[in-house]
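J.: Give me a 3D structure for the following:
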Amino acid sequence: MNADTQRSAGTVYIETYGCQMNVSDSELMYGRLAECGYVPVGGPEGADVILVNTCAIRDHAEQRVIGRLGELKRYMSRDTVLGVTGCMAQRLGPALLDRAKHVQLVVGPDGYRALPSLIEGARRGERVAKVDFDLEEHYEDFHARRFDGVRAWIPVQRGCDYKCTYCIVPMTRGAERSRTLSDVERESAEVTAQGITEITLLGQTVNSYHDGEHDFADLLRRLGRTPGLRRLRFTSPHPNDFTDRVIAAMAETPVVCEHVHLPMQSGSSRTLKRMLRRYTRESYLECVARLRGAIPNVALTTDIIVGFPGETDDEFEETLSAVRDVQFDDAFTFRFSLRDGTPAARLPESMTVSDEVATARLDRLIAVVREGSRARNLSLLGSRHEVLVEKAARRGGLLQARTRHHRTVLVPGDASMIGRYLTVELTGTTGSTFTGALVHNSRALPLAG
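T.: Prediction:
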């Protein structure tokens, strides 16, 4: 037993922003600190250590964190340690210590192993920024303290080699590297042994996974044999890495869910070239066709950016037509956010799309996405699906559940049903979510309320 584990170190609260990878990283940090004597708590009030785990994808996310750091001052005593971790920490580095004088620690995504010693240093008055990359770090010996007892996030890959012109990720998470398949198998088995039956594999371009011997198709097939696993998901893939082997593994592995989040970003080949996405409109649509050919009922969701530098009215119309052609089940839509240090920041100012034009395009895109999504959802009413109950819904007396196709369904029930699989009949839709009735003895029970 080392010195860190011989004492009670105090309480720790981690506030998480951003993607599922950040959620997973917070679980790793909680696990690491719990092993060293820290007790996780649910809020900043009275916590001895407060960590803000951050996102740097868009400027708005960083500004929100800066504001939150100011708010957290009121929870700090003289001995409280406040740290910033994650992608924003990596991007700003020591400059964040200068910008927020009450912050003692700035730790990038590859520095979490050192957190216990860095916190001890902060208690002695040290202020440190640890933002060096470690391309060998996968935290394979960490034991995550998971927030969710129903689903588990398992990173299989870190970093990214694609270097899209708008994206800050290569700067904040470094080069792409994959965990060994055997270690992912081990963690998956540990998760299912705890009673968790759904796993989501994480990576910046997760389907480019390769540990030197095994590719993503091998990973899906091997994890598909994990005892107790009922659902296997992954995010986020890159269209270029859906090889025939990967698509066949998806179609032939029963636990792999019939849902793919397939980032498109733009429906214009000219815009995609400026984004350095490395595919065309035509090749993206061909990938969609191959997925639907192998998995006919696959649900597709996507990410789309409007207002990228140089985007013309005609290029934007190409995006709208691609959305109509693909018929996505849903889409995350964004206005372009310029990030210092990305190649897009070097594009001529004359290519900038005005805020007014970008906002108008976003509004039109959202309307087209919602129109298509609502039409498809209405066509599903009356159909029956297996759902996994995830948590209590915001509406009183209802539970939030999810189908294999990643559709959200609100059903009646109580907390004892969380983690259970049920059959429901879809009875209503708001356009983005469904209401459902439990199917019991081949008879649908009406939704309460």
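J.: And the helices in the stretch 251-400 of the chain, which stretches?
T.: 269-275, 281-294, 313-326, 355-380 (DSSP state H, counting those that start in this stretch).
J.: Can you name the residues that contact the closest residue to residue 326 other than its chain neighbours?
T.: In this structure, residue 326 finds its nearest non-sequential neighbour in residue 288, 5.6 Å apart by CB to CB, 6 or more residues apart in numbering. The way it works is simple: take the backbone N, C-alpha and C, and place the C-beta from them, glycine included. Counting by CB atoms under 8 Å, 6 or more residues apart in numbering, residue 288 touches 262, 300, 326.
J.: if we can go back for a sec, out of the helices of the stretch 251-400 of the chain, indicate the one that is most buried.
T.: Among the helices of the stretch 251-400 of the chain, helix 269-275 has the highest mean neighbour count (mean count of other CB atoms under 10 Å), at a mean of 20.
J.: Can I get that helix in CSV, CA atoms only?
T.: C-alpha atoms of helix 269-275 as CSV (Å, rounded to 0.1, in the frame of the first residue of the first chain):
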residue,chain,number,x,y,z
SER,A,269,-18.2,18.2,-51.3
ARG,A,270,-16.6,21.6,-51.6
THR,A,271,-17.3,22.5,-48.0
LEU,A,272,-16.1,19.0,-46.9
LYS,A,273,-12.8,19.6,-48.8
ARG,A,274,-12.2,22.9,-46.9
MET,A,275,-13.1,21.0,-43.7
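J.: avg pLDDT for that helix?
T.: The pLDDT scores in helix 269-275 average 98.
J.: packing partners for that helix?
T.: Here helix 269-275 touches helix 281-294, helix 313-326, going by 3 or more CB pairs under 8 Å, 6 or more residues apart in numbering; DSSP states H and E.
J.: do you know how far the residue lying closest to residue 175 once chain neighbours are set aside is from residue 315?
T.: Counting by CB to CB, 6+ apart, residue 175 lies nearest to residue 159, which is 4.8 Å off, once chain neighbours are set aside. Here residue 159 is placed at a distance of 30 Å from residue 315 (CB to CB, to the nearest Å).
J.: cool, residue 402 as well?
T.: The value you get for residue 402 to residue 315, if CB to CB is used, is 35 Å.
J.: now do residue 283
T.: Residue 283 is 17 Å from residue 315, by CB to CB.
J.: Residue 210 now?
T.: 34 Å.
J.: residues contacting residue 334?
T.: 58, 303, 304, 305, 306, 362.
J.: could I get those residues as CSV with distance to residue 195 and pLDDT?
T.: Listed next are those as CSV, based on distance: CB to CB, whole Å; pLDDT from 0 to 100:
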residue, distance to residue 195, pLDDT
58, 36, 80
303, 32, 98
304, 37, 98
305, 39, 98
306, 43, 98
362, 42, 98
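J.: of these, buried ones?
T.: When neighbours are counted using 16 or more other CB atoms under 10 Å, the contacts of residue 334 contain these buried positions: 58, 304, 305, 306, 362.
J.: Chain neighbours aside, what residue packs nearest to the fourth one?
T.: Take residue 306 and drop its neighbours on the chain: the residue closest to it by CB to CB, 6+ apart is residue 361, 4.3 Å away.
J.: related to what we said a few turns ago, pretty sure residue 172 is one of the things the residue nearest to residue 175 touches, is it not?
T.: No - with contact defined as CB atoms under 8 Å, residue 159 does not reach residue 172; the gap is 9.3 Å.
J.: Comparing those two, which shows the higher neighbour count?
T.: residue 172 (26 against 20; other CB atoms under 10 Å).
J.: Regarding the more buried one, what is its secondary structure?
T.: Secondary structure state of residue 172, per DSSP: H, G, I helix; E, B strand; the rest coil, is helix.
J.: I'd say it and residue 61 touch.
T.: No - with contact defined as CB under 8 Å, residue 172 and residue 61 do not form a contacting pair (11.8 Å).
J.: residues bridging contact with the two, i.e. touching both?
T.: Here residue 172 and residue 61 have residue 88 as joint contacts, going by CB under 8 Å, 6+ apart.
J.: mind checking how far residue 118 is from residue 128?
T.: Counting by CB to CB, the gap from residue 118 to residue 128 is 6 Å.
J.: again but with residue 339, I slipped
T.: Residue 339 is 25 Å from residue 128, by CB to CB.
J.: cool, residue 90 as well?
T.: 14 Å.
J.: what's the answer for residue 72, then?
T.: Taking CB to CB, one finds residue 72 at 19 Å from residue 128.
J.: same question, residue 291
T.: 46 Å.
J.: for residue 171, same thing?
T.: Residue 171 is 20 Å from residue 128, by CB to CB.
J.: what's near enough to touch residue 80?
T.: So residue 80 contacts 47, 48, 49, 50 (CB under 8 Å, 6+ apart).
J.: Narrow these to those in strands?
T.: Counting by DSSP state E, the part of these found in strands is 49, 50.
J.: Now do the buried residues in stretch 172-190.
T.: 172, 173, 174, 176, 177, 178, 179, 181, 184, 187, 188.
J.: now, among these, which is nearest to residue 206?
T.: Of all the buried residues of stretch 172-190, residue 206 sits closest to residue 178, with 9.5 Å by CB to CB.
J.: Identify the bridge partners of residue 300.
T.: Legend: beta-bridge partners of residue 300 under DSSP bridges are residue 260.
J.: mind giving me a markdown table with the contacts of residue 334 and columns for distance to residue 241?
T.: Below are these laid out as a markdown table (distance: CB to CB, whole Å):
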| residue | distance to residue 241 |
| --- | --- |
| 58 | 24 |
| 303 | 16 |
| 304 | 19 |
| 305 | 20 |
| 306 | 25 |
| 362 | 28 |
